[in-house]
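Asker: heads up, no residue letters with this:
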Ligand code: ADP
Ligand code: MG
């Protein structure tokens, strides 16, 4: 196990891409698991009504379970809803339930509708301090595949955006829309937000297409793209059906090793001075 530096303040990272199926959830849970394995204190916040991150981390999230939904509508605090991941030390999870599907609309009429997650996180940091708990090292927010109010809440709460990009045709389609939206957030709601990390996922070394996409993304974003690349790997896709991350399900698979490598690279890389 590597001895990685802990960040001086909590790194709050939102994992976002309005395309579905590009590896947002897989990346969230596996980077979180890898960093926890490296000894970091990690919180995963699931704000996708599908609750796939909650499933992969072995957290119950059927309708009615206390979840991030009640936090966003101010019924509960984060401290009330976080649960420890059963398989991984130092990793806690705020689950999402299907109730969140309505939140997108319910939030519209509430005050400070864009700041609710940010406030909940600040309050939770204070709560940990009062309880004598260690400061969190990483918070990951797993976003739904849309740019609605849930994703806006994640952008407002975070300092960093991590964009997973699938090494397939059309990978870059929609990226300019995402960057435009991040620009709007920076101008109006959160000037500290930056795209800190881009991770190439589902890379297939046997196809020219994958390497062409990877090359193109690296050309556009030389500072953001991690050297580590996530291959297409069947163990990665099997893990969630065992309510596990690939890092715990098959730690020696190429999928697990690539996520461990990506996590180590993230931990070692300094945030760009803004
Ligand atoms: P998103 O959260 O962006 O919708 P997911 O992380 O749920 O995407 O991934 C979509 C599907 O692809 C899931 O079934 C997941 O298990 C699978 N998958 C993700 N990454 C890989 C990979 N590197 N290799 C194989 N399958 C993957
Ligand atoms: Mg997802």
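Answerer: Arrived safely, thanks for sending. Every value quoted in this text rests on a predicted model; they were computed, and no experiment measured them. Ligands and ions are numbered 1, 2, ... in the order given.
Asker: any idea how far residue 114 lies from residue 100?
Answerer: 16 Å (Cβ to Cβ, to the nearest Å). For the C-beta atoms, the positions are set from N, CA and C on the backbone; glycine is no exception.
Asker: so between these two, which is more surrounded?
Answerer: For residue 114 and residue 100, the more surrounded residue by other Cβ atoms under 10 Å is residue 100, and the numbers stand at 25 against 18.
Asker: wait, that one touches residue 49, no?
Answerer: Yes: counting by Cβ atoms under 8 Å, residue 100 touches residue 49, with 4.0 Å between them.
Asker: next, the buried residues of whatever helix or strand residue 120 lives in.
Answerer: Secondary-structure assignment from DSSP states H and E places residue 120 in helix 116-130. Burial within helix 116-130, assessed by neighbour count using 16 or more other Cβ atoms under 10 Å, is assigned to 116, 117, 118, 119, 120, 121, 124, 125, 128.
Asker: just curious, which of those residues is nearest to ligand 2?
Answerer: For these, the closest approach to ligand 2 (Cβ to the ion) belongs to residue 117, at 16.9 Å.
Asker: now do the contacts for the closest one.
Answerer: If a contact means Cβ atoms under 8 Å, 6 or more residues apart in numbering, then residue 117 has 45, 47, 68, 71, 72, 141, 153, 154, 156, 157 as its contacts.
Asker: what distance do you get for it to ligand 1?
Answerer: 18 Å (Cβ to the nearest ligand atom, to the nearest Å).
Asker: likewise residue 40?
Answerer: The value you get for residue 40 to ligand 1, if Cβ to the nearest ligand atom is used, is 21 Å.
Asker: I figured that residue was touching residue 4, is that so?
Answerer: Yes: look at residue 40 against residue 4 with Cβ under 8 Å: they come within range, at 7.4 Å.
Asker: which one's more surrounded, the two?
Answerer: Shown here are residue 40 and residue 4; by other Cβ under 10 Å, residue 40 has more neighbours (22 against 17).
Asker: which helix or strand contains the more buried one?
Answerer: Short version: residue 40 belongs to no helix or strand, going by DSSP H and E.
Asker: need the phi and psi values for it.
Answerer: phi -80, psi 150 (degrees, to the nearest 10).
Asker: do the same with residue 148
Answerer: The phi/psi pair for residue 148 (degrees, to the nearest 10) is phi -80, psi -170.
Asker: need the contact list for it.
Answerer: residue 104.
Asker: distance check, it against ligand 1.
Answerer: From residue 148 to ligand 1 the distance is 15 Å (Cβ to the nearest ligand atom).
Asker: can you name the next helix or strand after the helix holding residue 120?
Answerer: Next along the chain after helix 116-130, with elements defined by DSSP H and E, is strand 138-142.
Asker: sheet-wise, list the partners of that following strand with their directions.
Answerer: strand 11-15 (parallel), strand 42-46 (parallel) (DSSP bridges).
Asker: run a quick neighbour tally on residue 30.
Answerer: Residues near residue 30, counting by other Cβ under 10 Å: 26.
Asker: how about the contacts made by the nearest residue to it once chain neighbours are set aside?
Answerer: Once flanking residues are discounted, residue 30 sits nearest to residue 259: 4.0 Å by Cβ to Cβ, 6 or more residues apart in numbering. Applying Cβ under 8 Å, 6+ apart, we find residue 259 in contact with 27, 30, 31, 33, 34, 230, 246, 247.
Asker: and of these, the nearest to ligand 2?
Answerer: Nearest to ligand 2 among these, with distances taken as Cβ to the ion, is residue 27, at 9.2 Å.
Asker: so what's the closest one closest to, chain neighbours aside?
Answerer: In space, residue 27 is closest to residue 164, 4.7 Å off (Cβ to Cβ, 6+ apart).
Asker: angle of the one helix or strand that neighbour maps to against strand 138-142?
Answerer: Remark: residue 164 resides in strand 160-166, with elements defined by DSSP H and E. Put simply, strand 160-166 runs at 50 degrees to strand 138-142, going by axes from the mean of the first three to the mean of the last three Cα atoms, to 10 degrees.
Asker: show me the contact partners of strand 160-166.
Answerer: So strand 160-166 is contacted by 11-17, 19, 21-24, 26-27, 31, 140, 155, 171-172, 175, 178, 182, 193-202, 213, 217, 271 (Cβ under 8 Å, 6+ apart).
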